[in-house]
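J.: have a look; sequence and predicted model below, questions after that.
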Amino acid sequence: MNSPGATPARPGVIIAHHGVAVEVLFSTGARNMVRVKRRSGHVVGDNVLVRGEVLEQLPRRTELRRRDAMGGLHLVGANLDVLGVVVAPAPLPPAGFIDRAIVAARAANLRPFLVVNKSDLAAASVFVAELRATYPDTVAIFPLSAAGGDGLDPLRKFLGEGHRGAFVGISGVGKSSLLNALCPAIDLRVGTLNEHNGRGCNTTTVSTLHSLSCGGELVDTPGFQDFGLVDIAVPELAAHFPGFEQTRDTTCRFRDCRHRTEPGCAVINSVALGQLPANRYATYLAILDEVEASEAESRCRGWKN
Ligand SMILES: Nc1nc2c(ncn2[C@@H]2O[C@H](COP(=O)(O)OP(=O)(O)OP(=O)(O)O)[C@@H](O)[C@H]2O)c(=O)[nH]1
Ligand SMILES: [Mg+2]
């Protein structure tokens, strides 16, 4: 409660982050820009209390982070329930992008789902079939076309269950187009693909949170190439890696099994029996290398400090 004479605290949520200012949607429905320090650590989805020009961040229910190729840390969003990993037959996602995004989402207590945009393109049906084969019964897959409008209803229904989500994916897959298609009133800027390399042009530069007319809320994020994992321990990677679900009922000989070379490993056994595709396991090993390297780096930093 505010003491008499004190500046009243206005509750709101950050709906856009512009470097030195954030846009806050207040519970009254009003929107205002509030100045913040450049590296304030606030992110879209943060619940805040604003007193005059002072912004207080409230505790986060969930927090999704990623690391870029240079090792830089980025907050993707706060208080999200679901993560929509948006991919398309063109431009294709980098190797391991979907897996890292799924692991990061699950480790942050978010439910991941796959959105396969541009189903109108000729290459789409093979691409969708490959994804269905790679992620059977692992994550929900929504094939659709933001341009043509096909397949939008199942996604509308899912989001309308009241989820707050974010779309992530590389530049040019159609994240902003999809938000516009779901809710034309949003009217986000959409870019073109580079004629020479077929890549997106980094059209969206600021993450923004939107309420959808079908229910639910979505964050449109700027496209990025790297979904490096942050502070994920090996057991978490193994627990959340898409495709390992089927081995959960069988136990490895060692409780702290990394599923690399250990004898009596249920995962290695599943690969040998052909129950787990070898390429899924190879992807796991590649991400395991990164997680182990990052663990070693943190240990090193700990010794030095
Ligand atoms: N064929 C086809 N093209 C689409 C579809 N959706 C989007 N596009 C095109 O894809 C290009 C990129 O769309 P954007 O919505 O700007 O992509 P984005 O993922 O938001 O890109 P960034 O903001 O740069 O991260 C545009 O040329 C769109 O017209 C679709 O369903 N089918
Ligand atoms: Mg965009």
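T.: Right, received. Where do you want to start? Ligands and ions are numbered 1, 2, ... in the order given.
J.: the residue lying closest to residue 134 once chain neighbours are set aside in helix, strand or coil?
T.: Of all residues not flanking residue 134 in the chain, residue 280 sits nearest, at 7.1 Å (C-beta to C-beta, 6 or more residues apart in numbering). Where you see a C-beta, it was placed from the backbone N, CA and C, and this is true even at glycine. Following DSSP: H, G, I helix; E, B strand; the rest coil, we place residue 280 in the helix state.
J.: would you mind measuring from residue 280 to residue 225?
T.: Residue 280 sits 22 Å away from residue 225, going by C-beta to C-beta, to the nearest Å.
J.: confidence score at residue 2?
T.: Looking at residue 2, its pLDDT stands at 52.
J.: got a list of what residue 187 touches?
T.: residue 180 (C-beta atoms under 8 Å, 6 or more residues apart in numbering).
J.: more neighbours: residue 280 and residue 225, which one.
T.: Between residue 280 and residue 225, counting by other C-beta atoms under 10 Å, residue 280 is the more crowded of the two (18 against 13).
J.: domains in this structure, by residue range?
T.: Following automatic domain parsing, one finds the domains of the chain at 10-57, 63-220, 234-304.
J.: how about these in a markdown table, adding mean pLDDT?
T.: Output for the domains of the chain, formatted as a markdown table (pLDDT from 0 to 100):
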| stretch | mean pLDDT |
| --- | --- |
| domain 10-57 | 95 |
| domain 63-220 | 96 |
| domain 234-304 | 90 |
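J.: and among those domains, the most buried is which?
T.: The highest mean neighbour count among the domains of the chain, using mean count of other C-beta atoms under 10 Å, belongs to domain 63-220: a mean of 18.
J.: and that domain, anywhere near ligand 2?
T.: Yes: residues of domain 63-220 contacting ligand 2 under C-beta under 5 Å from the ion: 175, 176, 203, 204.
J.: got the end-to-end distance for that domain?
T.: 16 Å (C-alpha to C-alpha, to the nearest Å).
J.: hmm, that domain touching ligand 1?
T.: Yes: Domain 63-220 is in contact with ligand 1 by C-beta under 6 Å from any ligand atom, via 117-118, 120-121, 145-147, 169, 171-177, 190-193, 200-204.
J.: please verify my assumption that residue 104 contacts residue 237.
T.: No: contact between residue 104 and residue 237 fails when scored by C-beta atoms under 8 Å: they sit 10.1 Å apart.
J.: intersection of neighbour lists for the two?
T.: Common contact partners of residue 104 and residue 237 (C-beta under 8 Å, 6+ apart): residue 229.
J.: ok, the closest residue to ligand 1 within the chain - how many residues close by?
T.: Taking C-beta to the nearest ligand atom as the measure, the chain has residue 223 as its residue closest to ligand 1, at 2.6 Å. Look at residue 223: counted by other C-beta under 10 Å, it has 24 neighbours.
J.: repeat that for the one 10 residues further on.
T.: By other C-beta under 10 Å, the residues close to residue 233 number 13.
J.: and the nearest residue in space to residue 52 that is not next to it in sequence, which of the three is it?
T.: Computed as C-beta to C-beta, 6+ apart, the closest residue to residue 52 that is not its neighbour in sequence is residue 7, at 4.7 Å. Assigned with three-state DSSP, residue 7 falls in the coil class.
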